[in-house]
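Chemist: Just need the structure, nothing else, for what follows:
(one chain, ligands or ions: 1)
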Amino acid sequence: MRLSVRNVSWSAGSTRILRDVSLDVAQGEFLGIIGPNGSGKTSLLALLSGIRRPQIGEILLDGAPLAGFGRRTVARCIALVEQQAETTEHITARQAVELGRTPYLDALSPWSAVDATIVDAALQAVDMAHLADRFWHTLSGGERQRVHVARALAQEPKILLLDEPTNHLDIGHQIALLDLVRQQRLTVVAALHDLNHASMFCDRIAVLRGGTLLTIGAPQNVLTPSLISEVFGVDAVIEDHGAEGCAIRFRPDGAPCRPHRAT
Ligand SMILES: Nc1ncnc2c1ncn2[C@@H]1O[C@H](COP(=O)(O)OP(=O)(O)OP(=O)(O)O)[C@@H](O)[C@H]1O
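Modeler: Presented below is the predicted three-dimensional model:
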């Protein structure tokens, strides 16, 4: 499924958070969103998921306004893994993943063996099958994060929205998760802080700064030392642009921390 963002602005109260953002995400594309803290990545994902609506502009799903679809239809199309997803203390990992099947269940189509198979596969995919019956409060941060991703996979979405999906994960599970997501061949939009991951896994990268879209393009065109310096205020050395993406090193140079501030 295609996602289109058309001249979208969003304000929280009187504070403008996103300003005139337009972009397209092609079917099957993996789009990374990068930008400093507070640049609007989470806000944009919330608009793309339909949990928030823009005051100006619109989000289109295969060319049709997202606002025109019912909640159940949207939930069958779009899954969002939030950055600070809520936790429910009294359920197991498996029960948390089962919540992903909610959009498909009703009186006419109750829980079935097919749903159970999908849940099992999602738990397997994120390496959580062995902990499926553990209660939520006993899971580590990384294990919880993997359960959230499994819940999203169990939703069988066409579009997967991920807000810093590698949070809490060790490096092995970070790479495994991003690889898994890429293998799904879904339309993916992921807010990422690790620029090397963005380079390795994304077809294109969108850069947000101060709520506006600064640029969007292929990793090798976007991740330049000058852009990284301009946006993040750090000096970067790009070591390689191979099939596996580039390797970005950050030069300490003894420079004081000077994060970019939107003006
Ligand atoms: N409901 C709200 N009310 C007021 N301000 C908000 C609200 N939601 C977001 N903001 C502000 O909007 C800006 C963008 O927030 P957002 O969470 O989208 O940024 P982000 O790029 O995801 O940041 P981070 O990298 O820290 O996760 C921030 O300055 C935030 O404080």
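Chemist: Could I get the contacting residues of the residue most central in space within the chain?
Modeler: By C-alpha atoms, centre = their mean, the chain has its centre lying nearest to Leu162, at 1.7 Å. Counting by C-beta atoms under 8 Å, 6 or more residues apart in numbering, Leu162 touches 45, 80-81, 149, 152, 181, 188-191. To be clear about C-beta, it is placed using only N, CA and C from the backbone, and glycine gets the same treatment.
Chemist: quick one: it is in a strand?
Modeler: Yes - when classified by DSSP: H, G, I helix; E, B strand; the rest coil, Leu162 is found to be part of a strand.
Chemist: Give the bridge partners for it, please.
Modeler: Beta-bridge partners for Leu162, by DSSP bridges, are Val81, Ala190.
Chemist: again with Thr92
Modeler: Phe135.
Chemist: need the helices for this structure, in chain order.
Modeler: Secondary structure of the chain, counting by DSSP state H: helices at 41-49, 71-77, 93-98, 113-125, 141-154, 171-183, 195-201, 219-222, 225-232.
Chemist: So for the fourth one, mean pLDDT?
Modeler: The average pLDDT within helix 113-125 is 97.
Chemist: Close to the ligand: what parts of the stretch 1-150 of the chain are there?
Modeler: Taking C-beta under 6 Å from any ligand atom as the contact definition, the stretch 1-150 of the chain meets the ligand at 12, 15, 17, 35, 37-43, 83.
Chemist: Now the buried members of the residues you listed.
Modeler: The neighbour count (16 or more other C-beta atoms under 10 Å) marks 17, 35, 38-43, 83 as buried among those.
Chemist: buried stuff in stretch 83-96?
Modeler: 83, 85, 91-96.
Chemist: Which of the residues you listed sits closest to the ligand?
Modeler: The closest of the buried residues of stretch 83-96 to the ligand turns out to be Gln83 (C-beta to the nearest ligand atom; 5.9 Å).
Chemist: any idea how far that closest one is from Ala190?
Modeler: With distances taken as C-beta to C-beta, to the nearest Å, Gln83 is found 11 Å from Ala190.
Chemist: so where's the stretch 151-263 of the chain uncertain?
Modeler: Within the stretch 151-263 of the chain, the segments meeting pLDDT under 70 span 241-245, 252-263.
Chemist: what's the burial count for Arg53?
Modeler: Neighbours of Arg53 under the rule other C-beta atoms under 10 Å: 13.
Chemist: That one is in contact with Val74, isn't it?
Modeler: No - applying C-beta atoms under 8 Å as the test, Arg53 and Val74 come out as separate, 11.7 Å apart.
Chemist: picking that back up, now render the residues of the stretch 1-150 of the chain next to the ligand as TSV, adding pLDDT.
Modeler: Rendered in TSV, the data for those read as follows (pLDDT from 0 to 100):
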residue	pLDDT
Ala12	94
Thr15	94
Ile17	97
Gly35	97
Asn37	95
Gly38	96
Ser39	97
Gly40	97
Lys41	97
Thr42	97
Ser43	97
Gln83	86
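Chemist: wait, which of those is closest to His168?
Modeler: Nearest to His168, judged by C-beta to C-beta, of those is Gln83 at 10.7 Å.
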